[in-house]
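S.K.: Generate a structure from the sequence data that follows.
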Amino acid sequence: MTMGSMLRGIAGFFILLSLVLAYYVDARWLWFTAFVGLNLLQSAFTGWCPMMAILKKAGIKD
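M.R.: Residues are numbered from 1 along each chain as shown. Presented below is the predicted three-dimensional model:
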C-alpha cells in the first residue's frame, strides 16, 4: 500500500467516523470533519499533510 492510498483511506475513515460521532454523540464532531477537509484542501496546494509526516515516521514509503 502506498502512502497516497493509505492517506486517502485514513482521511475517509476519519470523515466517516466523525459523521457517525456527530450523529450519535455530539454535532460538534463535524468540526473534525471540517479539519480533515481543510487539511486535504491545503495538501492539494502545498503537497504537505500532517498525516504524511506521521506515516513517513512509521516507515511507510511513497
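S.K.: Please enumerate the helices of this protein.
M.R.: 3-24, 30-46, 50-57 (DSSP state H).
S.K.: Provide a list of residues in contact with the most centrally placed residue in the chain.
M.R.: Nearest to the mean C-alpha position of the chain, counting by Cα atoms, centre = their mean, stands Ala11 at 3.1 Å. Ala11 sits next to Val36, Asn39, Leu40, Met51 when contact means Cβ atoms under 8 Å, 6 or more residues apart in numbering. For glycine as for every other residue, the C-beta is placed from the backbone atoms N, C-alpha and C.
S.K.: hmm, try it at 7 Å
M.R.: Val36, Leu40 (Cβ atoms under 7 Å, 6 or more residues apart in numbering).
S.K.: my guess is Thr33 meets Ile15, correct?
M.R.: Yes. Between Thr33 and Ile15 there is a contact under Cβ atoms under 7 Å: 5.6 Å.
S.K.: what pLDDT does Ile54 get?
M.R.: At Ile54, the predicted lDDT confidence score is 91.
S.K.: how many other residues sit next to it?
M.R.: 12 (other Cβ atoms under 10 Å).
S.K.: What distance do you get for Gly59 to Leu38?
M.R.: Between Gly59 and Leu38 the distance, using Cβ to Cβ, to the nearest Å, works out to 27 Å.
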